[in-house]
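Asker: A predicted structure for the sequence below; I have some questions about it.
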Amino acid sequence: MNAISSVVPFEESGREQLNNRFEIIIADAACEIVCGGEKICLSAGETAVIPPLTRRAVKGKGLRVTLEQALLPVRSIKRLTGDDAAGVMQAAKKAFTYVGAKDCAGILEALGGLMAAYINHCCGGEFSPVVQAVRDDADKNLSDPTYSLEDFMHKLPLNYDYVRKLFKKETGLTPREYLLFRRMELARGLIDSRISNQYSNWTVSQIAEACGFSEPLYFSRVFKKYYGKSPSAFAAERKK
């Protein structure tokens, strides 16, 4: 979803911390990030993307953005410059004015998606082969309610826990969270196309089945958790 959960100004002197979500650091002035002996220097207006589970120390001041359920191909701290950095900074500053405001979840989701698009443009194709294999297999089986991503992962010639932790580090989601995320994207797309297609009139049960859910009630609960509305209410809103 790449939803923005927080945008906060920071001023730090270099204390080491461990993050558990994707973070984006936007430097107001010269800024320094240290991770595992590596030093990354940012000039004013430049940006750094920090993947989850990274021990890093930040020295300087700027804006820190935290993304929930982000899908970004960033395996280590990535410095952004030029137009991509400028785009991320503009989206972050706009998001700062909406965080905590009423009925702004959709705006924050859109701005988070815009930031992710700039980051993907700069960093695309950086998933490791095993993580990409898990993603590809999940994507091929979104509509299959009998599909088990765990079974696929257990068949890989690597330790299951290692693959799971690597997937989490590179994508920001566990494999199961990724599968749910992609199925919810599919559901949202089906609902949107249903609204614009005069020949289809899918029920919630049919959409659930098309997205790999054998139980419509469970599908509806997950959908509401992601989008804040039931599938029926979401569809009705799209008709307005």
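Answerer: Cool, the structure landed.
Asker: need the phi and psi values for residue 145.
Answerer: Note on residue 145: backbone dihedrals following degrees, to the nearest 10 are phi -70, psi -20.
Asker: mind listing what it touches?
Answerer: By Cβ atoms under 8 Å, 6 or more residues apart in numbering, the contact set of residue 145 is 209, 212, 213, 214. C-beta here means a position set from N, CA and C on the backbone, and glycine is covered the same way.
Asker: turn those residues into a markdown table, columns for pLDDT and distance to residue 130.
Answerer: Below are those laid out as a markdown table (pLDDT from 0 to 100; distance: Cβ to Cβ, whole Å):
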| residue | pLDDT | distance to residue 130 |
| --- | --- | --- |
| 209 | 93 | 30 |
| 212 | 95 | 23 |
| 213 | 96 | 27 |
| 214 | 93 | 29 |
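Asker: make TSV out of the residues you listed and add secondary structure, neighbour count and distance to residue 145.
Answerer: Converted to TSV, the contacts of residue 145 look like this (DSSP: H, G, I helix; E, B strand; the rest coil; neighbours: other Cβ atoms under 10 Å; distance: Cβ to Cβ, whole Å):
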residue	secondary structure	neighbour count	distance to residue 145
209	helix	17	7
212	coil	21	5
213	coil	22	6
214	coil	10	4
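Asker: what is the nearest of these to residue 147?
Answerer: Nearest to residue 147 among the contacts of residue 145 is residue 212, at 6.5 Å by Cβ to Cβ.
Asker: distance of the closest one from residue 221?
Answerer: 15 Å (Cβ to Cβ, to the nearest Å).
Asker: likewise for residue 88?
Answerer: Going from residue 88 to residue 221 by Cβ to Cβ gives 33 Å.
Asker: okay, those two: which has more neighbours?
Answerer: residue 88 (25 against 11; other Cβ atoms under 10 Å).
Asker: what about that one, which SS state?
Answerer: helix (DSSP: H, G, I helix; E, B strand; the rest coil).
Asker: contacts only, for it.
Answerer: Per Cβ under 8 Å, 6+ apart, neighbours of residue 88: 24, 26, 47, 80, 115, 118, 119.
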